[in-house]
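Colleague: Prediction below, plus the sequence it came from.
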Amino acid sequence: MDTASLQNFLGLVVIFAPLLLLLLLGLPALFAVKLNEQSVAHLTKLLVSLGLIANLGILGTMLATGTRDIEIEAGQLASITPEHFHFHLKFEFDRLSVPMSLLSYVLCGTIGAFANVYLHRDQGYRRFFILFAMFLLGMVFASLAGTIETLFVGWELVGLSSALLVAYFHDRPAPVRNGLRIWAVYRIADAAFLVAAVALHHLTGEGDFAKLMGQDHWPTGHVELTSNEALFVGSLLLLAAAGKSALVPFSGWLPRAMEGPTPSSAVFYGALSVHLGAFLLLRVSPLLEASFILSAMVVALGLTTALYASWTSSVQTDVKSALAMASLTQVGIIVAEIGLGFHYLALIHIVGHACMRSLQLLRAPTLLRDYRALENAIGSRLDLAPPRVFQGWSSAGQLKAYRFFMERGYLDALLDSMIVHPFRRCFGQFDRWERAWTDWLSGKQSRESETIVPHVEPAEDLV
Amino acid sequence: MVDAPGMSAGRPAGHSSGSTVEAAIGQAIEHASHWLPAQGPIAVFVHHNTLHALEEHTFSEAARLGLGIFGAQPYFTEGRYRQELKNGRIRASDLEFVLKDDLGQQATVNVLGTKSRYDLRLAMLLSPMRSGPSAELSWLVAETDALRTFRSEVSPANAAGMVEATQRMVMRDYRNPTALEDERTGQVLSSLLKDFGVARIESWSQQDWQSFTLHFMWRLCQRGARVAGKPKPQFVQYQRPRDIAVQAGIGDPDLLTHDLLVRYASAFLDQGFASWPLPDRDAGFYCSFLKLFSVPSTLATGWLQRLESIVAQEASLGLSPRASIQRSLEDAGISANEVDAFIERTLLALPGWGGMMWQMETNAAWSIRPAPPGSLEQFLAVRLLIDRAALAEVAHAVTGNRDSVFEYVKQLRRWQPSTAGDWGVQRAFTLFQVAQLMNWEPAMLAELENQQWQHLTAEVEAFSALERRRVFQLAFEHRYATSALDALIARATEGTSAVVEPKYQVMCCLDDREESFRRHLEEIEPKIETFGAAGFYSVAMYFRGVADAHYIPLCPVVIKPKHYVAETTSLTFLDAERRRAGTRRVIGRASHSVHVGSRGLVGGVVTAVLGSIASIPMVARVLFPWLTARIRTHFGRFVQPPAVTQLHLERQTPEPGQEFEQLGFSLDEMVAIVERLLTDTGLLKFSPLVLVIGHGSSSLNNPHESAYNCGACGGGRGGPNARALAQMANDPRVRSRLKERGLTIPDATVFLGAYHNTCDDNITYLDLDRLTPAQAITFSALRELIDEARQRNAHERVRRFESAPLSLTPREALKHVEARAEDLAQARPEYNHATNAMCMVGRRSRPRGLYLDRRCFLTSYDPTIDDANWTILNRILQAVIPVCAGISLEYYFSCVDPVGYGCGSKLPHNITSLLGVMEGAASDLRPGLSAQMTEIHEPLRLLFVIETQPEAILSIMQRNPNIGTLIRNEWVQVATLDPHSQEMHIYRHGQFEAYRPQSTQLPQVASSIDWYRGWRDHLGFARITG
């Protein structure tokens, strides 16, 4: 076997191991076959290790042979030539995607091992691992995507599994409500992404990153778009990235994501999926360079988010929200780095930050013990103070600033009043028109289902 | 739904004189505060009765009241009890016994036909009564064969009898049209006959007749259910305006309120987690809130804007918190006679935070930032302010007008849900099932007058699901108590097995987890004598370890210690320790900066860029917890304080205090402590070595870690107490004083302190350097036995962990528990008190050799040396009964309703304000025990077996009102074992009755392992012959 076909084979293993895992865990569930905890754990361990080893193998052969780029064709999912419509599944192993997919494998593998113990005997054990497989598949697809539409597939899988993992405890209302909110924010990001992808196809005839960015290897690409075109597509992608990475003004969803089982699902948002937006920007970085305004926007958004999140983090009183906001601070800085063109730094930053934050989230429940240990070592209580910037402010100013960050910058309220309420009002109006129309057509009240009261009686007689 | 009381008649609260209303508000808050959970900061977890506030009621009454007040279930579901019935943890004979006992004279009351109340209730217990939403029942009747075949419990003979009687009745009496005109049954029957095709009646098959009978029965029951009148609701719950809004389907204002209130309350109570503390916290909860929220912020939109204007208005009025509450009540249209109920329901809408506010206000002077007095009242005032804005917002969505909230709520109050009146099907279906079980043929039911139906329905409904579950619980407890008392009598019949001239003596905490450890030690070396005492060993103190920053109390919470004891480095190592302390401080400050810095801006970048290195320890810890822990401990040694330290135990000044000379106890106090412990436990004849073992537990990623520690040390670790006691008892001056008082400790005897980590079964020995060479030889012999016992103990423990294979050897089992304690992912480091069921107070020689399955607290007490007033027993029980009952009842309630009384699943827990756990990012604080802690628990009220005469207990109940209340109101069960015979008495219905054993057989096995090996579930009693 020559190197190229070996690399090709390894690449396929990297991509399809999580897919196989998802099928093996998901299909039995569809047919109401209950796998026991041990077989779920074994399957996960086997396939994740397999993917990880293949990924390391690719890295090894790339380093050994000096290859900088390996492309794997998975074919056209759809292709309608006259209309220039195609959905091209293609994967690419380069200096950006290999570290990213390795990171996904290492962190997901660790979390898998962790969750196997942590969720032992929990009712949702199997469901968790199905979503886990879907999440890993999404991360791997997104990391290795060679075309914008492949990236979109991974992006969607990550979004869906994340929202469902937030709503993991679906017998309580709060997780479900927060899962839904996250899903709604993701949809905004997805819509922007989709429009960007279509626009890109329209402008260049395809969504292939390699062709889009010219023949150079990442990160030294060059796009064949005018600065205005780049600004248009780039702004849409920036909006998509902002939604996915919880940048301002979408930051409100990140603390809400902490509803899932500690710390396993928290690690997904704190460490992996929150970096996906930054990764998208990194992937299309040549596009950013084509427009100065776009780069400036990216830097500004990154820095705003970083400052906002770091100060918000300092007023949080619960460990998970504080870590979520701390995570966001770094994501903001990473985004700014990307805008400034420090691509390798941003990549190192992503990898390092994801690892460190995962460790912190994993041991978040040890907080009380850690604090005691710290106090014992230092020999006194730990001291507290507002962030340095605010220390010079008047007390009224500090009060105002404190409230601003305690309310998390009013961002959720802002989204509600700017997007949610107008949206609901608009569709509420459509609904009223439709009802009036159907009532008139049927000559009586046309919606019988609306008068039925939902059941409130408990399922079992308890009193 | 029930109309709020005094709706039309009530005057708005504000119109009566202000001061009386304000006083009423104060009383209402005081009253409601009793219902709030009494758990303090989680780092000092103290087990207590979840329903402590209802202790003046009997257990079953409190259970019922609790259901109304907290909406939490006091018993398992019927389905779960039936499962236990199937598994043999409850037997039918237990049900029969407790039912007869429960009914007493009323058992024979006739219900209908030949059936008595006892028959009816027993049938309803033994056969599951199907119930459910009325829609489900209607479906069941229409779509299943519920009306075609009899329930499976009905015997074929009875079924045939009922069919035959119906057939005879129809054929004889109702074949003529006039009879069918009879208004009661005739109409029912004629329509039914038409449905079944009366023309071919003579050729109906047996199957048709059975179906006809059941249909007839069903329609009669339907009619009966109707004529019996509307049922009275069991619980009439007061409805807050919010509840009405939710039921009317317009939205939940509490979502808005709680989101804000949780954030603000946690910032106010924060014990130092947020690096930016709440400004103006000292102004108090209310004023601080007014300051924070009256500043207009340009960005606030929607309801926050409205809240700002409400707050600004309130601030300009300069009202006191209570006056503000009064204004909020007026605003919501709460009349004077509703105040109590309104405030109770409002505070119980967010009980965790309200409870913590109250605890921090009344019970946490020791904490870094206690809440000032009046905080709960201010919490309510703030909450009601937010409620005003939230309710307006929700109403706005419907009315489009924010200002008419009050009017709108008034309208809502007149609104009635349309589902009222669905009771008919449910009641009819219950009657229908009962009629089949009771063999009441339709012919008999057809003859019933309306009044008789009323009587019958009342009889059936009196044995509601709640009542049935109560009886099931009694039977559950009866099964365990019977087997326990039988085993004890069988064991007592053999006579005592006191150890003559023991080689070693080992004293442990009375904790149920030490039962197996002691048993294994006794099995390994029959010449070992073991003792149990409350694990603070009579040394109540504030203690500070050599590497600790603060003093922590080590004694039961009921005692407030006066003495301070510090651990100091021995002079030889002083320099080394100074260096190491310096290193520790440097490392501590560094890791604190990393900890805080990694969440900040600049520090975050540095740590994050270097963060990939963090993946190495992370992956290692998750995949190889045991190995990683070893490596960490190894490197930790370089900064640990030197192993040789001493306790600063003796005081120089007359008064104890925190100053250096004030640390410790006076000689007299030491003598009293040692004498008290030795006489309490009856340890008066000494072996050469007395090992005193304190205990605690260490586990990772466990916010509830403190709950696993020694309860008698107030949630702390009992090592220092054991060490202090050993040092006192070794002091020659103490011994000579004791000798003067008639208690001689031979010179050859040495006391040694130790610490048992119940999570990894490790034992640390303290002050070994003080042993003489001869004593050291004795010690090493004992140490070998203890190491063997540790392995066996771990082995017996791991059988309960599903993730540990049953095939582990004792050595592997020890390694398994060691890894568990160090595993970040482990949600069940140990099972803590999850198996507690019994508490024995008496000489160890009585039950020694009995397999108690780690389910029994063991307290040593020698009745033969007590005086006529039972002075010793009295002081033992003063601590043992409340503490053990607290543990038992907290487990009980958290187990029967893990969500309502416990803190739910551990998996989504999120530590907040360093005070407690929330679920997710913003929820109520969750007190209680987690589902993972209680999953193997059998909720049983603790069975005390005390070696004494019944008169002693009666006298102690009289002398200690709280013990009297606990026993009389059946929060615990009590039995006595006669000190000189095997006679037992059990406390029932307010008096002691002689207990007659049901079985005298006791399985005999050679060793504990022969009995438990291969089993995961609870095990019965057995005699270890060894």
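Modeller: It's in.
Colleague: all contacts plus neighbour counts: C-alpha atoms, from now on.
Modeller: Fine.
Colleague: Report the beta-bridge partners for B:Arg988.
Modeller: Note on B:Arg988: beta-bridge partners by DSSP bridges are B:Gln991.
Colleague: State the distance from it to chain A.
Modeller: 26 Å (CA to the nearest CA, to the nearest Å).
Colleague: Likewise for B:Asn869?
Modeller: B:Asn869 is 46 Å from chain A, where distance means CA to the nearest CA.
Colleague: State the helix or strand in which that residue lies.
Modeller: Counting by DSSP states H and E, no helix or strand carries B:Asn869.
Colleague: List the contacts of it.
Modeller: Shown in contact with B:Asn869 (CA atoms under 8 Å, 6 or more residues apart in numbering or on different chains): B:Ala952.
Colleague: For chain A, give me its nearest residue in the stretch 701-850 of chain B.
Modeller: In the stretch 701-850 of chain B, the residue that lies nearest chain A is B:Asn701 (4.2 Å; CA to the nearest CA).
Colleague: contacting residues for that residue?
Modeller: A:363-367, B:824-827.
Colleague: In a markdown table: those residues, plus neighbour count.
Modeller: Formatted as a markdown table, the contacts of B:Asn701 follow (neighbours: other CA atoms under 10 Å in any protein chain shown):
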| residue | neighbour count |
| --- | --- |
| A:Arg363 | 19 |
| A:Ala364 | 24 |
| A:Pro365 | 25 |
| A:Thr366 | 20 |
| A:Leu367 | 21 |
| B:Leu824 | 26 |
| B:Ala825 | 30 |
| B:Gln826 | 23 |
| B:Ala827 | 22 |
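Colleague: Which of those fall within helices?
Modeller: Among those, the ones falling in helices (DSSP state H) are A:Leu367.
Colleague: just checking, which of the contacts of B:Asn701 belong to strands?
Modeller: Among these, DSSP state E puts none in strands.
Colleague: and which of the contacts of B:Asn701 is nearest B:Ala341?
Modeller: Using CA to CA, A:Pro365 is the member of these that lies nearest B:Ala341, at 37.5 Å.
Colleague: Distance of that closest one relative to chain B?
Modeller: 4 Å.
Colleague: Look up which helix or strand the nearest residue to that residue once chain neighbours are set aside falls in, please.
Modeller: Excluding the flanking residues, the one nearest A:Pro365 by CA to CA, 6 or more residues apart in numbering or on different chains is B:Asn701, at 4.5 Å. Assigned by DSSP H and E, B:Asn701 belongs to neither a helix nor a strand.
Colleague: what's the neighbour count on A:Trp437?
Modeller: A:Trp437 has 13 neighbours, counted by other CA atoms under 10 Å in any protein chain shown.
Colleague: mind checking pLDDT for B:Asp924?
Modeller: Note on B:Asp924: pLDDT of 95.
Colleague: excluding its backbone neighbours, what's nearest A:His165?
Modeller: Actually, residue A:165 is Leu. It isn't His. A:Leu165's closest residue in space is A:Gly260 (CA to CA, 6+ apart), at 6.0 Å.
Colleague: per-residue pLDDT, the one you found?
Modeller: The per-residue pLDDT reported for A:Gly260 equals 89.
Colleague: Phi first, then psi, for it.
Modeller: The phi/psi pair for A:Gly260 (degrees, to the nearest 10) reads phi -70, psi -180.
Colleague: wouldn't it be in contact with A:Leu164 here?
Modeller: No: look at A:Gly260 against A:Leu164 with CA atoms under 8 Å: they stay out of range, at 9.1 Å.
Colleague: ok so, going back, ok, now which ones touch the residue nearest to A:Leu165?
Modeller: So A:Gly260 contacts A:165-169, A:175, A:266, B:907-908, B:920 (CA under 8 Å, 6+ apart).
Colleague: switch the cut-off to 10 Å
Modeller: A:162-170, A:175, A:179, A:266-267, B:907-909, B:919-921 (CA atoms under 10 Å, 6 or more residues apart in numbering or on different chains).
Colleague: Check A:Arg283 too.
Modeller: Listed by CA under 10 Å, 6+ apart, the contact partners of A:Arg283 are A:96-97, A:143, A:145-146, A:148, A:151, A:209, A:213, A:218-219, A:277, A:343.
Colleague: Those also near chain B: which ones?
Modeller: Contacts with chain B are made by none of the contacts of A:Arg283, judged by CA under 10 Å from any CA of the partner chain.
Colleague: Please indicate which of these are buried?
Modeller: Among these, those buried by neighbour count (16 or more other CA atoms under 10 Å in any protein chain shown) are A:96-97, A:143, A:145-146, A:148, A:151, A:209, A:213, A:218-219, A:277, A:343.
Colleague: pLDDT score for the spatially most central residue of chain A?
Modeller: What sits nearest the mean C-alpha location of chain A, by CA atoms, centre = their mean, is A:Ser273, with 2.8 Å. As predicted, A:Ser273 sits at a pLDDT of 89.
Colleague: Three-state assignment for it, please.
Modeller: Secondary structure, DSSP: H, G, I helix; E, B strand; the rest coil: A:Ser273 is helix.
Colleague: Count the residues that sit near residue 285.
Modeller: If you meant another chain, say so; for now it's chain A. Residues near A:Ser285, counting by other CA under 10 Å, number 25.
Colleague: please go with chain B instead
Modeller: 27.
Colleague: again, but for B:Asp575
Modeller: 12.
Colleague: ditto for B:Ser203
Modeller: Neighbouring residues of B:Ser203 were enumerated by other CA under 10 Å; the total is 9.
Colleague: Repeat that for A:Leu56.
Modeller: 18.
Colleague: where are the low-confidence patches of chain B?
Modeller: Applying pLDDT under 70 to chain B flags the ranges B:1-18, B:174, B:176-184, B:234, B:400-406, B:409-422, B:642-643.
Colleague: check whether the helix or strand containing A:Ala336 contacts chain B.
Modeller: Per DSSP H and E: A:Ala336 is located in helix A:319-340. Yes: counting by CA under 10 Å from any CA, chain B is contacted by helix A:319-340 at A:319-334.
Colleague: residues contacting the closest residue to A:Leu328 other than its chain neighbours?
Modeller: Sequence neighbours aside, A:Ala309 is the residue nearest to A:Leu328 in space, at 5.9 Å (criterion: CA to CA, 6+ apart). Neighbour list for A:Ala309: A:247-248, A:251, A:303, A:322, A:324-332, A:405, A:408-409, B:599-601 [criterion: CA under 10 Å, 6+ apart].
Colleague: What pLDDT is listed against A:Ala309?
Modeller: pLDDT recorded at A:Ala309 is 95.
Colleague: That one and A:Gly332, how far apart?
Modeller: Applying CA to CA, to the nearest Å, the value for A:Ala309 to A:Gly332 is 8 Å.
Colleague: Overlap of the contact sets of those two?
Modeller: Applying CA under 10 Å, 6+ apart, one finds that A:Ala309 and A:Gly332 are jointly contacted by A:247-248, A:303, A:326, B:601.
Colleague: Among these, which one is most surrounded by other residues?
Modeller: Ranked by neighbour count (other CA under 10 Å), the shared contacts of A:Ala309 and A:Gly332 have A:Leu247 at the top, with 32 neighbours.
Colleague: Tell me the spacing between it and chain B.
Modeller: Distance from A:Leu247 to chain B, by CA to the nearest CA: 15 Å.
Colleague: A:Val48: neighbour count?
Modeller: 24.
Colleague: quick one: contacts for it?
Modeller: So A:Val48 contacts A:14, A:17-18, A:21, A:42, A:54, A:105-106, A:108-110, A:112, A:133, A:136 (CA under 10 Å, 6+ apart).
Colleague: So which of these belong to helices?
Modeller: A:14, A:17-18, A:21, A:42, A:54, A:105-106, A:108-110, A:112, A:133, A:136.
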